[in-house]
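Colleague: Sequence and predicted structure are below.
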Amino acid sequence: MSETLTPAEAWQTLRDGNERFVAGTSIHPNQNAARRSELVATQNPFCVIFGCSDSRLAAEIIFDLGLGDAFVVRSAGQVIDDAVLGSLEYAIEPLGVPLIVILGHDSCGAVTASVNAFSSGTMPQGFVRDLVERIMPSVIAAQRNGVTTVDETVVEHVKQTGDRLLETSQIIARAVEEGRTAVLGVCYHLDEGKAELVSGLGNV
């Protein structure tokens with residue numbers, strides 16, 4: 001993408017790509033040698049995709065994207081930490097990306113571990129515990145709303161992650177307030193390949 005898109009145009013581009021992926025008509029854009037050469041000295045991605053590390057959630061594939069299209073940040077359960085915040089802020093300033101997509105998915109292992117820990121009162125070992133602790137506020141919010149299944153908790157976690165992002169990062173909050181970017185929550189359905197919009201912050 002040579003020109004800067006609006007948040008709405010960026011989301012429409014992602015929707016179009018996901019529709020192609022679902023239909024089995026992906027065009028695999030921007031994946032040739034000319035595109036590779038074009039990007040040697042610079043980049044101008046039109047979106048940030050902050051998604052779960054799950055191997056089934058390959059962002060560039062499910063949205064039918066190519067080189068230089070998306071700035072992708074991933075962690076298990078799309079958990080926010082300092083490195084994630086720094087990566088996302090870099091995409092907003094200086095790169096000026098107009099859209100952040102928080103991408104969760106069905107049957108998320110990290111969310112499952114968090115729901116199980118809430119139910120059993122037993123925390124996992126090692127650094128997985130840190131992931132669960134960071135997801136637990138979303139699990140508690142879901143439980144308060146009567147949500148108990150993993151997939152419904154994933155939706156709540158995606159929404160909560162968007163809110164937490166704006167509460168934690170002044171750079172991102174200011175960009176959203178000024179209309180330079182938007183933050184969308186999206187859940188990916190493993191069986192059909194569809195990316196469903198579940199929340200939005202900003203003007204899209």
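Modeller: Noted; the coordinates are in hand.

Colleague: low-scoring pLDDT stretches of this structure, where are they?
Modeller: Across the chain, the ranges flagged by pLDDT under 70 are 1-3.

Colleague: and the longest helix for this structure?
Modeller: helix 150-168 (DSSP state H).

Colleague: elements contacting that one?
Modeller: Under the contact definition 3 or more CB pairs under 8 Å, 6 or more residues apart in numbering; DSSP states H and E, helix 150-168 sits against helix 82-92, strand 99-105, helix 109-120, helix 128-144, helix 170-177, strand 182-188, strand 195-201. In this view, the C-beta of every residue, glycine as well, is placed from N, C-alpha and C.

Colleague: Neighbours of Arg144, how many?
Modeller: Look at Arg144: counted by other CB atoms under 10 Å, it has 9 neighbours.

Colleague: quick one, what contacts the closest residue in space to Thr181 that isn't next to it in sequence?
Modeller: In space, and not counting its chain neighbours, Thr181 is closest to Ala175: 4.3 Å by CB to CB, 6 or more residues apart in numbering. Residues in contact with Ala175, defined by CB atoms under 8 Å, 6 or more residues apart in numbering, are Ile92, Glu93, Thr181.

Colleague: one step back: and of the helices and strands packed on helix 150-168, who's closest to Phe63?
Modeller: strand 195-201 (7.1 Å; CB to CB).

Colleague: Which strand residues bridge the most centrally placed residue in the chain?
Modeller: Taking CA atoms, centre = their mean, the centroid of the chain lies closest to Ile102, which sits 2.4 Å from it. Counting by DSSP bridges, Ile102 is bridged to Phe50, Gly185.

Colleague: Thr161 is in contact with that one, correct?
Modeller: Yes. Shown here, Ile102 and Thr161 form a contact pair, counting by CB atoms under 8 Å, at 5.1 Å.

Colleague: Now for the two: what residues contact both?
Modeller: Phe50, Gln78, Gly185.

Colleague: By neighbour count, which of the residues you listed wins?
Modeller: Gln78 (29 neighbours).

Colleague: can I assume that one is in contact with Ile100?
Modeller: No. Taking contacts as CB under 8 Å, Gln78 lies outside contact range of Ile100: 11.3 Å.

Colleague: Spit out the residues that contact these two alike.
Modeller: Taking CB under 8 Å, 6+ apart as the criterion, Gln78 and Ile100 both touch Phe50.

Colleague: Next up, phi/psi of Ala70, please.
Modeller: With angles defined as degrees, to the nearest 10, Ala70 sits at phi -130, psi 140.

Colleague: who does it bridge with?
Modeller: Under the criterion used (DSSP bridges), Ala70 bridges to Cys47.

Colleague: With respect to burial, which of the helices and strands packed on helix 150-168 scores highest?
Modeller: strand 99-105 (a mean of 27; mean count of other CB atoms under 10 Å).

Colleague: re the thing from before, for Gly24, state which of the contacts of Ala175 is nearest.
Modeller: Thr181 (31.6 Å).

Colleague: That closest one contacts Leu95, doesn't it?
Modeller: No. Counting by CB under 8 Å, Thr181 does not reach Leu95; the two are 10.5 Å apart.

Colleague: In contact with Ser114, which residues?
Modeller: Contacts of Ser114 by CB under 8 Å, 6+ apart are Gly77, Leu131, Val132, Ile135, Met136, Ser138, Val139, Thr153.
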